[in-house]
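In: need a structure here:
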Amino acid sequence: MDFLPAGYKFGNSTLGEDKMTVKTIKDIAKKAGVSVATVSKVINNYSDIGAETRQRVLKILEEESFEPNVIAKSLSGKQSYSIGLFVAHNPTPGLHHAFFQGVVFGLQRTLGKHGYDFVLLSDSTLKGSKDFLQKCRTRQVDGAVFMGIDKNEPSLASLLNSKLPSVFIDGDHCGRNSRCVVWDNYSGARQAVEYFYNLGHRKIALIQGLPGVKPTEERTEGFLEALRKYNLTCPTQWIVGNDYLEVCGYEGMKKLIKQSDRPTAVFCQSDSIAVGALMAIEESGLKCPDDISIIGYDDIDLCKYIKPRLTTIRQDTDLMGRTAAKVLLGLIRQTETALSPVVLSVKLIERDSCCRI
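Out: A predicted model of the protein is given here:
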């Protein structure tokens, strides 16, 4: 080390002629006059530390440019400060990804404040003997978040029976150390039907999302339940679609338009579906909302800029991400005891894609 001058500063280390001293958590604790456990709790943002003590420790951490050695923790079997993020694989790109991005932003912002990074993991590579738990262990993550994963996916079984903290967004997966954060899909569908009904619509069709996932099932059940409330029926040929992407809305609306008894209103289970449906309406020489009224679901940013501006059911994606992050942190720190789902409310946003008849 004689190529560096004595006393040369390198990060938070001091290099001398014959020794190098590195600040450790014990050094920080000694300087702050607190225990190592207290310093650890401050670093991990635990709530049971007094404000004065917290500020004193934080000041010293900043002065010393101290950063926890995440790699060392991982190798010693402790926390890696990384979270596995599984997003349902769909080979078809589409606007629906904008919805996922909103949730991820909320997750990232909240978990990032607590020192966690994301490892993006694809469910499409899970074949043969590999499963979600094995992948999480290989990546040494402290917990996992799942978005859009089929509840019947067999690769989930071992994870749900494990102690690994996990959160399912808009899912209904019950596990040993997992919890779901969901939107009130029933309410969203009921609000859409009620809005159509109050505008005078009695012929209301449905374009569904991806089969086998909780949002699709609950939005369909809520839709049919609301129709029954108003003594309305929906012929089977008026229920189309099998994905959340634009192509599903386009093809589904084409089928509806060709029918001799055409609906006057269509509830789309995502905004991406609604965008495709609007394209099909325009290509067919019809107009929205004059000929067919449309309600979407999600309230992605595009809804405010397309013509007509889309009436939709708003889901606060940032709130979902932040809530899921807080629940996961609680599971990791073992302060989260309730395993019942956290249900977030939704709201109909009125714009220009519906009219009175």
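In: low-confidence ranges in the stretch 51-200 of the chain?
Out: Where the stretch 51-200 of the chain drops to pLDDT under 70, the residues are 67-78, 89-97, 122-130.
In: how about the strands in it?
Out: For the stretch 51-200 of the chain, the strands defined by DSSP state E, counting those that start in this stretch cover 82-87, 117-122, 143-147, 166-169, 178-183.
In: so which of these is the most packed in?
Out: Burial of the strands of the stretch 51-200 of the chain is given as mean neighbour count (mean count of other Cβ atoms under 10 Å); strand 166-169 ranks first at a mean of 28. For glycine as for every other residue, the C-beta is placed from the backbone atoms N, C-alpha and C.
In: In this structure residue 208 contacts residue 267, no?
Out: No - the pair residue 208 / residue 267 is not scored as a contact, 9.5 Å apart, by Cβ atoms under 8 Å.
In: These two - which one has more neighbours?
Out: residue 267 (30 against 23; other Cβ atoms under 10 Å).
In: Report the buried residues of the helix ranked longest in the chain.
Out: For the chain, the helix that runs over the most residues, judged by DSSP state H, is helix 96-113. Residues of helix 96-113 classed as buried under the neighbour-count rule (16 or more other Cβ atoms under 10 Å) are 96, 99, 100, 102, 103, 104, 106, 107, 108, 110, 111.
In: Kindly indicate which of those residues lies nearest residue 252.
Out: residue 96 (14.6 Å; Cβ to Cβ).
In: about what we covered before: what do residue 208 and residue 267 both touch?
Out: Counting by Cβ atoms under 8 Å, 6 or more residues apart in numbering, residue 208 and residue 267 have no common neighbour.
In: What segments of the stretch 251-357 of the chain are strands?
Out: So, for the stretch 251-357 of the chain - with DSSP E, counting those that start in this stretch - the strands run 265-268, 293-298, 311-314, 342-344, 347-349.
In: how deep is residue 176 tucked in, by neighbour count?
Out: Residue 176 has 12 neighbouring residues, counting by other Cβ under 10 Å.
In: gap between the residue nearest to it when sequence neighbours are not counted and residue 313?
Out: Leaving out its chain neighbours, the residue that sits closest to residue 176 by Cβ to Cβ, 6 or more residues apart in numbering is residue 161, at 5.8 Å. Distance, residue 161 to residue 313, by Cβ to Cβ, to the nearest Å: 35 Å.
In: More neighbours: those two, which one.
Out: residue 313 (29 against 13).
In: Apart from its neighbours in sequence, what residue is nearest that one?
Out: Excluding the flanking residues, the one nearest residue 313 by Cβ to Cβ, 6+ apart is residue 188, at 4.1 Å.
In: quick one: contacts for that neighbour?
Out: The contact partners of residue 188, by Cβ under 8 Å, 6+ apart, come to 219, 222, 297, 313, 315, 346, 348.
In: Just give me the neighbour total for the first one.
Out: The one in question is residue 219. Using other Cβ under 10 Å, residue 219 has 27 other residues around it.
In: and it, what element?
Out: Per DSSP states H and E, residue 219 falls inside helix 214-229.
In: buried sites along that helix?
Out: 214, 215, 216, 217, 218, 219, 220, 222, 223, 224, 226, 227.
In: wait, which of those is closest to residue 319?
Out: Among the buried residues of helix 214-229, and counting by Cβ to Cβ, the member closest to residue 319 is residue 215, at 16.2 Å.
In: Hmm, that closest one is touching residue 170, no?
Out: Yes - at 5.2 Å, residue 215 counts as touching residue 170 under the criterion of Cβ under 8 Å.
In: what do the two both touch?
Out: 183, 185.
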